[in-house]
Every structure is written in C-alpha cells, then in structure tokens.
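Undergrad: A predicted structure for the sequence below; I have some questions about it.
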Amino acid sequence: MESTVLSGFQSLLFGMENPGGNIEQVMFANKMALSEGISNCNRLARLNFENPNINRAFSGEVAFDETLLIGYEGWSDCVLHLCIRIGLQAIKIATGSFPSWQVTFYDDYKKAVMVGKLLEEEIREVFSFVWGNYVFDTA
C-alpha cells in the first residue's frame, strides 16, 4: 500500500527489549503516552508530508517541531496517537486503534491555526498506511 499524503516515515526507536532513541523525543513520547493512558510506549515515528505546508505554523508564529506517531503495539492490538510536537507541548490530531480500524479526531487540531492541515480522509490514509505496511520495526 502506498500513501498519497506521506513523503517520509521514519521510525525513531531502536532495539527490541527496551526500545530507545533520541532522549528528547523519547521523553516527549513517554509523557504523551502516559497522558493518553499508555504505560508502555513502544512505537515512535516522525512523519513528513508531500505538501510541505501540512502542520506548519504561520510565519512569525511558534515553530512546530515535528509530526509524530506515538503509541503501543502488542501481539494483537495497536493504539497510535498522531500529534504535532511543539517543544514539550502537543497538538493532538487523532488516535487510531487496530484491529478495529477506529480513528478518533480531536478538536485541538481542528481549531489550531496553521498554514495547512490534513483532512480527515488523509488522516485515515496515514493510519491505513501504517497498519497496512507494518513499518514500525525497532530492530
């Protein structure tokens, strides 16, 4: 399965037993996961989009660091949170659950003022791409 929205997908974790990565990103992911009720955050990836204006702040405003997928993958289920990291804060975009394929959208993202945003069908495509390609390797 290919994505018409994504231009890049980069796993930010390495290792199998205790996945690790860049300390700043891992600490942010763990903080975000705990706030969402996930005690074991074992998935973290950075997303880049075909449209360079997606999830970008207006000129002169607070700079957005990156769009991340944060979550937990178990033997038979997966919960991923799509968000924009802004320093230690986040704008929550959506949460996707697998195997139910349920996607929940957040008003934080709908109300945020940005140059460009993902449409709901594009957000669903992002989750479908991730689940369909199973690209969250930490090996």
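TA: Happy to help now that I have it.

Undergrad: quick check: buried residues in the helix or strand bottoming out on mean pLDDT in the chain?
TA: Lowest on mean pLDDT, DSSP states H and E among the helices and strands of the chain sits helix 23-35, with a mean of 83. Buried residues in helix 23-35, defined by neighbour count with 16 or more other CB atoms under 10 Å: 25, 26, 28, 29, 30, 32, 33. The way it works is simple: take the backbone N, C-alpha and C, and place the C-beta from them, glycine included.

Undergrad: measure residue 68 to residue 75 for me?
TA: In this view, residue 68 and residue 75 are 24 Å apart by CB to CB, to the nearest Å.

Undergrad: returning to that earlier point: residue 64: which of the buried residues of helix 23-35 is nearest?
TA: Closest approach to residue 64 among those (CB to CB): residue 28, at 13.0 Å.

Undergrad: I'd assumed residue 83 was in contact with that closest one.
TA: No: Residue 28 is beyond contact range of residue 83, at 9.4 Å (criterion: CB atoms under 8 Å).

Undergrad: mutual contacts of these two, please.
TA: 68, 90 (CB atoms under 8 Å, 6 or more residues apart in numbering).

Undergrad: let me see the contact set for the residue most central in space within the chain.
TA: In the chain, the centroid-proximal residue (CA atoms, centre = their mean) is residue 69; its distance is 1.9 Å. Taking CB under 8 Å, 6+ apart, we find residue 69 in contact with 43, 44, 45, 47, 80, 81, 82, 126, 130.

Undergrad: of those residues, which belong to strands?
TA: Among the contacts of residue 69, the members falling in strands are 43, 44, 45, 47, 80, 81, 82 (criterion: DSSP state E).

Undergrad: the fifth one contacts residue 92, correct?
TA: No: taking CB under 8 Å as the definition, residue 80 is not a contact partner of residue 92, at 11.9 Å.

Undergrad: more neighbours: which of the two?
TA: Remark: of residue 80 and residue 92, residue 80 carries more neighbours, 26 against 19, as counted by other CB atoms under 10 Å.

Undergrad: residue contacts, the nearest residue to the more buried one once chain neighbours are set aside?
TA: In this structure, residue 80 finds its nearest non-sequential neighbour in residue 71, 3.8 Å apart by CB to CB, 6 or more residues apart in numbering. By CB under 8 Å, 6+ apart, the contact list for residue 71 reads 33, 38, 41, 42, 43, 78, 79, 80, 81.
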